[in-house]
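Q: Sequence first, predicted coordinates after that:
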Amino acid sequence: MKLMLPFGRSPARRIDPLVHSLLGQTEQLIQGAQAVLVFMESPLKEHAVRVSTIEKRADEARRLLIVKLKQSFITPIDREDLFGLSRAIDDVLDYLFSLVREMYLLKVAPNTHLKAMAQVLAQCATELNEAVRHIEHQTEQAIKHAMQVRKLENRMDALYITALTELFQNVTTQEDMVNVLKLREIYRHMIHAVNSAEQAANLINDVLVKLR
């Protein structure tokens, strides 16, 4: 007997286990980016530790994906692409972890530039998650979300230039210079994070070209 579905509904599409593991990474990335936003509003130790905890969970998700990749005879996406995409996503969260760790240890106070950059990275995390979610069955949607990451990278670049320009103004004391050097490294973590997100988006586009 054929199972009849209610009118207007279709069977849920099965997500390949490897893609599901990759989705687990992007979901951890969303949590990490949201934790960074919390830290930017309240740079307390427990909020920094939260980012560290999520980063470790994401590392474990990546490790499990690599184990599955080694055990899989057939993969929905080329092994090299899966591995590279997983690594790029992992790099984004690694930079976020380094960002928060150094801000806390060096006692760098969040400013409006950092908060704006953190918002962009949180949006990147969401777009990457949606791109991965649609990568198997809804390629047009996946492309749309990947393209959004590339647009956000342009937005981050503009924020970065503005922040750097302001940073080197009115430096008159040794303390000012020390603060400049600290903030410059923090800003670099932000731009490296968004560059890794863009790399992940580009890899998704490459995968989709092969699947078409």
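A: Everything's here; your move.
Q: rest of the way, CA atoms for contacts and neighbours
A: Noted.
Q: Can you give me the buried ones in stretch 108-121?
A: Neighbour counts over stretch 108-121 (16 or more other CA atoms under 10 Å) mark Pro110, His113, Leu114, Lys115, Ala116, Met117, Ala118, Gln119, Val120, Leu121 as buried.
Q: Throw these into JSON lines and include pLDDT, thanks.
A: Listed next are the buried residues of stretch 108-121 as JSON lines, based on pLDDT from 0 to 100:
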{"residue": "Pro110", "pLDDT": "96"}
{"residue": "His113", "pLDDT": "96"}
{"residue": "Leu114", "pLDDT": "97"}
{"residue": "Lys115", "pLDDT": "97"}
{"residue": "Ala116", "pLDDT": "97"}
{"residue": "Met117", "pLDDT": "97"}
{"residue": "Ala118", "pLDDT": "97"}
{"residue": "Gln119", "pLDDT": "98"}
{"residue": "Val120", "pLDDT": "97"}
{"residue": "Leu121", "pLDDT": "97"}
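Q: need the residues you listed in CSV with secondary structure and distance to Lys144, can you?
A: Output for the buried residues of stretch 108-121, formatted as CSV (DSSP: H, G, I helix; E, B strand; the rest coil; distance: CA to CA, whole Å):
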residue, secondary structure, distance to Lys144
Pro110, coil, 32
His113, helix, 27
Leu114, helix, 27
Lys115, helix, 26
Ala116, helix, 23
Met117, helix, 22
Ala118, helix, 22
Gln119, helix, 20
Val120, helix, 17
Leu121, helix, 17
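Q: quick check, distance from whichever strand or helix holds Ala146 to the centre of its chain.
A: Element membership of Ala146, judged by DSSP states H and E, is helix 139-167. Helix 139-167 has its C-alpha centroid displaced from the chain centroid by 12 Å (CA atoms, centre = their mean, to the nearest Å).
Q: Just the buried positions in it, please.
A: Neighbour-count burial for helix 139-167 [16+ other CA under 10 Å]: 139, 141-143, 145-150, 152-153, 156-157, 159-160, 163-164, 167.
Q: This structure: strands as residue ranges?
A: Taking DSSP state E, the chain contains no strands at all.
Q: just for it, where's the confidence low?
A: Scanning the chain with the threshold set as pLDDT under 70 gives 1-15, 73-76, 211-212.
Q: which helix in it runs the most residues?
A: Longest helix in the chain, counting residues (DSSP state H): helix 174-211.
Q: what's that helix packed up against?
A: helix 79-105, helix 112-133, helix 139-167 (3 or more CA pairs under 8 Å, 6 or more residues apart in numbering; DSSP states H and E).
Q: Could you list the buried residues of it?
A: 179-180, 183-184, 186-187, 189-205, 207-208.
Q: Repeat that for stretch 54-69.
A: Applying 16+ other CA under 10 Å to stretch 54-69 flags Ile54, Glu55, Arg57, Ala58, Asp59, Ala61, Arg62, Leu65, Ile66, Leu69 as buried.
Q: CA atoms of that stretch as PDB?
A: C-alpha atoms of stretch 54-69 as PDB (Å, rounded to 0.1, in the frame of the first residue of the first chain):
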ATOM      1  CA  ILE A  54      32.100  26.000  21.700                       C
ATOM      2  CA  GLU A  55      35.400  26.100  19.800                       C
ATOM      3  CA  LYS A  56      36.400  22.700  21.400                       C
ATOM      4  CA  ARG A  57      33.000  21.200  20.500                       C
ATOM      5  CA  ALA A  58      33.500  22.400  16.900                       C
ATOM      6  CA  ASP A  59      36.900  20.700  16.800                       C
ATOM      7  CA  GLU A  60      35.300  17.500  17.900                       C
ATOM      8  CA  ALA A  61      32.600  17.800  15.200                       C
ATOM      9  CA  ARG A  62      35.400  18.300  12.600                       C
ATOM     10  CA  ARG A  63      37.200  15.300  14.000                       C
ATOM     11  CA  LEU A  64      34.100  13.100  13.700                       C
ATOM     12  CA  LEU A  65      33.500  14.300  10.100                       C
ATOM     13  CA  ILE A  66      37.100  13.300   9.200                       C
ATOM     14  CA  VAL A  67      36.600   9.900  10.700                       C
ATOM     15  CA  LYS A  68      33.400   9.400   8.700                       C
ATOM     16  CA  LEU A  69      35.100  10.700   5.600                       C
END
